[in-house]
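[1] Next one to model:
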Amino acid sequence: MFLGFMGEFIIVNAIIFGISGQDGYFLSGLLQKRNIEVIGVSRSYGKLRGDVADFVFVESVIKYQKPSYIFHFAANSTTRHDALFDNHNAISTGTLNILECVRLHCPAAKVFLSGSAMQFKNEGLPIDEKTPFAASSPYSVARIQSVYAGRYYRDTFGLQVYVGYFFNHDSPLSSEKHVNQKIVGSVKRIAMGSTENLELGNIDVKKEFNYAGDMVDAVWMLVNQDTVFEVVIGSGKAYSIKDWLEYCFKKINKNWQDFVEIKQNFVPEYKILVSNPELIKSIGWQPRVDFYQLADLMMGDL
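    All right, here's what the predicted structure looks like:
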């Protein structure tokens, strides 16, 4: 709530679709610190429970709330083919539902759509906004469809639609289906006396190790300007999974080779995935948490 012209109070609110994930959590905290009312939406958790793929539900929420901001984080973040329809429903259909309801009921709202590094053609070079898309998985197909829908509504109806292409990011809230947290969880248990083996794929793969809190800072900076509408969000610094392994095991004074089993004939999705964040940095954003600080955060007090 803000004090507006002539002293009247203006309610500023934001809808976060997909609030149950780590990005929704950190963005919610950021908004609340700025006295913005947060309406969290999720299929399983939040102020409102419902499916972003359900147009009637989405319309009822947006028509009633008349939000100042809408953030679309809902997704099944996997590139597996068996998540084909789940990703299509949450990302592609969800985007269309949100944008059409904004057009009909609150065209002044600012809309943020999550994008992904995985929707770009990756030739091992730093990826930026000019890198072409590549439909390499059902997940990337859904993300690409979402972006084109955003461009259509921006160009045709003048909606304020922003896209942030997230590169790899983590926090203590990540689940162990993500390799960084899988390693951290195993290291913590080993520190407590576990003799488990940690099975991993290709540990020479290089990617970014960004902090989720930094990423939502970039999102907030992006939607509060009107010059740039699509940006890659990342540090531009790549480290290998082996680097992460070595640092985490070093914190408990153990040798990672004694606990890690490498899968034979494992084929990774990429050898390196790294951004060129020049554009997002040009509007003032800088990541605050580096590779080592992220590991320290996720490892906790060990």
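[2] Relative to residue 65, how far out is residue 106?
    To residue 65, residue 106 is 8 Å away according to Cβ to Cβ, to the nearest Å. The C-beta positions use only the backbone N, C-alpha and C, and glycine is treated the same way.
[3] Kindly report the same for residue 250.
    Using Cβ to Cβ, residue 250 is found at 48 Å from residue 65.
[4] Comparing these two, which residue is more hemmed in?
    More crowded of residue 250 and residue 65, by other Cβ atoms under 10 Å: residue 65, with 20 against 13.
[5] which residues does the more buried one contact?
    13, 15, 39 (Cβ atoms under 8 Å, 6 or more residues apart in numbering).
[6] Could you save those as JSON lines and add columns showing distance to residue 238 and neighbour count?
    As requested, these are exported to JSON lines (distance: Cβ to Cβ, whole Å; neighbours: other Cβ atoms under 10 Å):
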{"residue": "13", "distance to residue 238": "38", "neighbour count": "17"}
{"residue": "15", "distance to residue 238": "34", "neighbour count": "27"}
{"residue": "39", "distance to residue 238": "37", "neighbour count": "20"}
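[7] Tell me the helix or strand right after the top helix by length along the chain.
    Ranked by residue count under DSSP state H, the longest helix found in the chain is helix 138-157. Going down the chain from helix 138-157, the next helix or strand is strand 160-166, by DSSP states H and E.
[8] Name the surrounding residues that touch that next one.
    Applying Cβ under 8 Å, 6+ apart, the contact partners of strand 160-166 are 23, 99, 108-117, 119-120, 127, 129, 146-147, 150-151, 153-154, 215, 218-219, 222-223, 226, 229-234, 275, 280.
[9] Dump that strand to CSV, keeping only the CA atoms.
    Extracted in CSV, the C-alpha atoms of strand 160-166 (Å, rounded to 0.1, in the frame of the first residue of the first chain):
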residue,chain,number,x,y,z
GLN,A,160,3.7,-4.8,-20.5
VAL,A,161,5.1,-8.3,-20.7
TYR,A,162,8.6,-9.1,-19.5
VAL,A,163,10.6,-12.3,-19.9
GLY,A,164,13.6,-13.4,-17.8
TYR,A,165,15.6,-16.4,-19.0
PHE,A,166,16.8,-18.0,-15.9
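[10] Okay, buried residues for stretch 35-51 please.
    Buried positions in stretch 35-51, judged by neighbour count with 16 or more other Cβ atoms under 10 Å: 36, 37, 38, 39, 40, 41, 42, 43, 46, 48, 50, 51.
[11] Equivalent analysis for stretch 238-247, please.
    Using 16+ other Cβ under 10 Å as the test for burial, stretch 238-247 gives 238, 239, 240, 241, 242, 243, 244, 245, 247.
[12] and it, how far from the chain's centre?
    Its chain's average C-alpha position is 21 Å from that of stretch 238-247, according to Cα atoms, centre = their mean, to the nearest Å.
[13] what is the mean pLDDT for it?
    Mean pLDDT, stretch 238-247: 98.
[14] please begin residue numbering at 830 from this point
    New numbering, starting at 830: the last item is stretch 1067-1076.
[15] which residues touch it?
    With contacts defined as Cβ under 8 Å, 6+ apart, stretch 1067-1076 is touched by 1008-1009, 1012, 1029, 1031-1038, 1085, 1089, 1101-1103, 1120-1121, 1124.
[16] before we move on, the earlier item: of the buried residues of stretch 864-880, which is the nearest to residue 888?
    Residue 888 has its nearest neighbour among the buried residues of stretch 864-880 in residue 879, at 10.9 Å by Cβ to Cβ.
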